[in-house]
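Peer 1: Give me a model of this one.
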Amino acid sequence: MNVLKNHSAPAKRAHLLLLALAAGAAHAASDQSTGPVATVPAGWEAEQHPKAVSDTPPGPAARPVFDQPARPWKSYGATALEIAGFQFVLNRVDHAFVKPDDYGVSVGSWRRNLRSGWVEDRDPFEINQMGHPYQGSVYYGIARSNGLDFWESMGAAFAGSAVWEIAGETTPPSRNDQITTSFGGSFLGESLYRMANLVLERGYGLSPRWREAAAAGISPSLGFNRYARPGRHAPIWDSHDPAVFGRVQLGATVRSRGNAGPSLASRRNEMAADFALDYGLPGKAGYTYRRPFDYFTFRLRMSTAQGVESLTSRGLLFGAPYEAGDRLSGIAGLYGGYDYLSPQLFRIASTGLTLGSNLQWRVANALTLQAHASGGIGYTSTGTVRASAAGQYTYGFAPQAMLSLRVIGGDKLALDLGERAFFDGKLATPQGDGSDRVLRSEAALTYRVRGHHGLTLKYLSSRRSYTLASTPGREQRHDTVGLYYTWLPAHGLGVVN
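Peer 2: Below is the predicted model:
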């Protein structure tokens, strides 16, 4: 009995938080969504609710229930329950297998974390900058697949991250994890959610069973909810039929030049797989940009040297289309993005907001230009792979910019040029302020041989220069040249007619 009397106010707040999650789950209910309405196969409602059909009054105005649009599923309680369940399982798995063990949580660790201030932790770079954003994308995907919209799902990811920082780990809560999990996870999660729905909607030649499996592989939380509640989740989220261009590349690269700087990592040639998708390209008549990520670009590059070599998800949050005549069309507005880059010698990750524009200009019948330009600021982290000295793992707000140009010649040739820059941001480090500049350049020439098949010659350059209070000026560079087989799901090279 005395134990209850000795509980402090922070501990009571932790109990109230858990009670609120349980109460929300207990009162889970399907609410009417304001989003697009999808339909279910004819007769589904009749099979599920035969009495509703028999009770329909006769007469010319009567309409069978199964002809009505399916009411979309929406539940805040189910979202809270699933996020809490995911966190419980993740904590127990980490507690059993991850060393050092920071996951043996207790009421005492909750109380301590509620009392402590938020810090910048020094967990391994991959955990903080890729693991946490992916964890946030799971929170976000759970909310989205339970019918919540973009902003509500971002709120769910933010709340889920805060709960994990306080109750999922014994270490003090981390503000850098809160940013990358909540916002980086949301920007990544929306792209994954839309790509999974695109597979369900368009099929791409897959059988229904393989469509579901592919969608679950892209967005596991969506796959789980479609499996757990197939009746309510049979309708597919309406994409509004965007203009989409995607490609997959498989190839080999060789080092052309480089400078390891303070990195002790070995530099080697590598095999690489590269996936890119542009969703909602401007120029399609009737397509609107009223919802966040109605336009987005997604890039994933895997290599035998680094695993995930780069990952980018950037989408339009607020914006509007524009056009000039019948040959130029575009969109402009505020973009949200998550970037991760690890070219053997160093790493950088950023979650940011930028102002910019995408456009398509059909210069001639056989010549089209597609371009993107944006600039803004992001919460950025950089680090050296296998650094020879400490103090080279930094956090801070840094300006960033992106430029890309695609020159498409008919249906045979495409030249891609791109530059991403994260530069001269003041970085908060234990040693004091410093500066860090990272540039990623790309040039690729693709020739479509026949049908879906093409060849690509690609040059990649990754450069970093930085100065920290305790470290003299350093430079790192890793350049590669590669030859790739390119598979193009569409027969063209991305021109929107």
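Peer 1: quick one, phi/psi of His452?
Peer 2: Per-residue torsions, His452: phi -90, psi 0 (degrees, to the nearest 10).
Peer 1: The helix or strand containing Ile142: how far from the chain's middle?
Peer 2: Ile142 belongs to helix 132-145 when assigned by DSSP states H and E. How far helix 132-145 lies from its chain's middle: 9 Å, per Cα atoms, centre = their mean, to the nearest Å.
Peer 1: what packs against the helix or strand where Leu405 lies?
Peer 2: Take DSSP H and E as the rule and Leu405 turns out to sit in strand 393-409. Applying 3 or more Cβ pairs under 8 Å, 6 or more residues apart in numbering; DSSP states H and E, one finds that strand 393-409 contacts strand 346-364, strand 367-384, strand 413-422, strand 427-428, strand 435-450. For glycine as for every other residue, the C-beta is placed from the backbone atoms N, C-alpha and C.
Peer 1: Switch the ones you listed over to a markdown table; also include mean pLDDT, distance to Pro100 and mean neighbour count.
Peer 2: Output for those, formatted as a markdown table (pLDDT from 0 to 100; distance: least, Cβ to Cβ, whole Å; neighbours: other Cβ atoms under 10 Å):
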| stretch | mean pLDDT | distance to Pro100 | mean neighbour count |
| --- | --- | --- | --- |
| strand 346-364 | 96 | 21 | 21 |
| strand 367-384 | 94 | 19 | 20 |
| strand 413-422 | 96 | 31 | 19 |
| strand 427-428 | 50 | 25 | 18 |
| strand 435-450 | 94 | 28 | 18 |
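Peer 1: Mind putting those into CSV with distance to Tyr134?
Peer 2: As requested, these are exported to CSV (distance: least, Cβ to Cβ, whole Å):
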stretch, distance to Tyr134
strand 346-364, 12
strand 367-384, 16
strand 413-422, 21
strand 427-428, 24
strand 435-450, 21
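Peer 1: Strands of this protein, residue ranges please.
Peer 2: Ranges of strands within the chain are 244-259, 270-279, 296-303, 307-324, 328-341, 346-364, 367-384, 393-409, 413-422, 427-428, 435-450, 453-468, 471-487, based on DSSP state E.
Peer 1: one step back: could you name the stretch from the helices and strands packed on strand 393-409 that's closest to Ser263?
Peer 2: Nearest of these to Ser263, taken as Cβ to Cβ: strand 367-384 at 5.1 Å.
Peer 1: tell me the centre residue of the chain?
Peer 2: Leu188 (0.9 Å; Cα atoms, centre = their mean).
Peer 1: wait, which of the helices and strands packed on strand 393-409 is closest to Pro282?
Peer 2: strand 346-364 (5.5 Å).
Peer 1: Quick check: nearest residue in space to Gly141, chain neighbours excluded?
Peer 2: Ser221 (3.5 Å; Cβ to Cβ, 6 or more residues apart in numbering).
Peer 1: wait, what's in contact with the one you found?
Peer 2: Neighbouring residues of Ser221 by Cβ atoms under 8 Å, 6 or more residues apart in numbering: Glu82, Val138, Gly141, Ile142, Arg144, Ser145.
Peer 1: and with 10 Å instead?
Peer 2: 79, 82-83, 86, 137-146, 189, 192-193, 196 (Cβ atoms under 10 Å, 6 or more residues apart in numbering).
Peer 1: lowest average confidence, helix or strand, in the protein?
Peer 2: For the chain, counting by mean pLDDT, DSSP states H and E, helix 44-48 ranks last in confidence among helices and strands (a mean of 31).
Peer 1: before we move on, the earlier item: hang on, isn't the residue nearest to the centre of the chain packed against Ala349?
Peer 2: No: look at Leu188 against Ala349 with Cβ atoms under 10 Å: they stay out of range, at 11.3 Å.
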